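A.B. asks: Sequence and predicted structure below; questions after.
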Amino acid sequence: MRKDRTARWLALGAVAAGLAVTLWFAVLDPRAEDVPTVGQGDYLLETTEGAPFTAATLTGQPSAIFFGYTHCPDVCPTTLGDIALWQQELGDRAAAMRFFLVTVDPERDTIPVLADYLSWSEGIIGVTGTEAEIAKALEAFRIYAQKVSGEGADYSMDHSASVLLFDADGRFAGRIGYQEPVETVLPKLHALIPGAG
Amino acid sequence: MKTVLLCAALCAPGCVMAQDLRISDACIRAPMPGAPVVSGYLTITNPGPVADRLTGGRADFAEVVQVHGMTMEGEVMRMRQRVDGLPVPAGATVTLQPGGDHLMFSGLNFAPKSGDTVHVTLTFDHAGPVTLPMPVCAGGPAGRVQ
């Protein structure tokens, strides 16, 4: 009987904790979707194409920006694979959209490392910078990233896994979730590309 | 002989029987260029009466083979080594797949590419070491692994 009651309280506690997390991300989260300043800031980064990457880079053409790192075994390759699929589905329209991978691990992801990593793909531009500038960018884009120690000097990164979308005016235009089905992704991309869909 | 017959009866091609465990759909991602880590996926079925646990493994091409768990909290991905291993309860099927539990190979001294098959020895508490072939998953380095 007592065990039953304990189990019920535990279950209730779990539900309450779940609700709290949902509430945080859905309602109270300071990184909420409607913040018009997402992406705005004075960060100065560099791309694998040799160009600077600043808040001004977001204007001119719509962009999809993903935050990841090269020592990431699962989420990042999956997302890069998804991006390749979206590009394929967009066909001729793909060139109208820019795709960026911004590293959350500037310590290991230098320009040559990122360039090599992305060499299999066409049209995904790598972005890195000093730790201080990356930190500024993560804050500007409301991206969570946290180093997690592994064995020895090894470490991994917990990080936000969604792709952020920006329209041609550099305004934040929503997110694509991790492993979101292509059926719901394509309308989001088409909406940003002038004359598409 | 019994094992071989069982295997023929229960296992599709590419499936490995070890003690009471049945391992299928094993594959390893082709690493992205220059990436020192890669993940591997498989399905483990334990039709027997004894609970088991996947604790780790080893492979010639990687310094370290670990079992990793991954969780999403909101849109934040968190990856951790399962230091106590991955339980494979009696009668259960456990799947290691993208976005969830996976094998993590790090310190690669060889980059498997499409068409390659590597051999990996997994360590189970009960079944002991199990060596299985793991072909490179279809779809290239960033292919969607189903």
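C.D. replies: Looks like it came in fine.

A.B. asks: Let me know the outermost residue of chain B.
C.D. replies: Taking Cα atoms, centre = their mean, the residue of chain B most remote from its mean C-alpha position is residue B:74, at 26.4 Å.

A.B. asks: low pLDDT regions in chain B?
C.D. replies: B:1-14, B:19, B:139-146 (pLDDT under 70).

A.B. asks: Get me the contact residues on it for chain A.
C.D. replies: By Cβ under 8 Å from any Cβ of the partner chain, the residues of chain B that approach chain A are B:29, B:32-39, B:64, B:68, B:70, B:72-81, B:98-99, B:102, B:104-106, B:139-145. Quick note: C-beta positions are derived from backbone N, CA and C, even for glycine.

A.B. asks: let's go with 7 Å and repeat that
C.D. replies: With Cβ under 7 Å from any Cβ of the partner chain as the criterion, chain B meets chain A at residues B:29, B:32-39, B:64, B:70, B:72-79, B:81, B:98-99, B:102, B:104, B:106, B:139, B:141-144.

A.B. asks: Might one say that residue B:26 is in contact with residue B:42?
C.D. replies: Yes: the criterion here is Cβ atoms under 7 Å, and residue B:26 meets it with residue B:42 at 3.8 Å.

A.B. asks: contacting residues for residue B:124?
C.D. replies: B:21, B:52-55, B:130 (Cβ atoms under 7 Å, 6 or more residues apart in numbering or on different chains).

A.B. asks: for residue A:60, same thing?
C.D. replies: Applying Cβ under 7 Å, 6+ apart, the residues contacting residue A:60 are residue A:168.

A.B. asks: Counting neighbours, what do you get for the closest residue to residue A:59 other than its chain neighbours?
C.D. replies: Sequence neighbours aside, residue A:170 is the residue nearest to residue A:59 in space, at 3.9 Å (criterion: Cβ to Cβ, 6 or more residues apart in numbering or on different chains). For residue A:170, the number of neighbouring residues by other Cβ atoms under 10 Å in any protein chain shown comes to 18.

A.B. asks: Residue A:122 too?
C.D. replies: By other Cβ under 10 Å, 10 other residues sit near residue A:122.

A.B. asks: what helix or strand is the closest residue in space to it that isn't next to it in sequence on?
C.D. replies: Nearest residue to residue A:122 in three dimensions, chain neighbours excluded: residue A:87, at 7.6 Å (Cβ to Cβ, 6+ apart). Secondary-structure assignment from DSSP states H and E places residue A:87 in helix A:75-90.

A.B. asks: give me the residue from chain A nearest chain B.
C.D. replies: Residue nearest to chain B within chain A: residue A:81 (3.1 Å; Cβ to the nearest Cβ).

A.B. asks: sorry, back to before: what sits against the residue nearest to residue A:59?
C.D. replies: Counted by Cβ under 7 Å, 6+ apart, residue A:170 has contacts A:39, A:58-59.

A.B. asks: rewinding a little: and the gap between the residue nearest to residue A:122 and residue A:185?
C.D. replies: 11 Å (Cβ to Cβ, to the nearest Å).

A.B. asks: rewinding a little: and the next element down the chain from the helix holding residue A:87?
C.D. replies: Per DSSP H and E, the first helix or strand lying C-terminal to helix A:75-90 is strand A:98-103.
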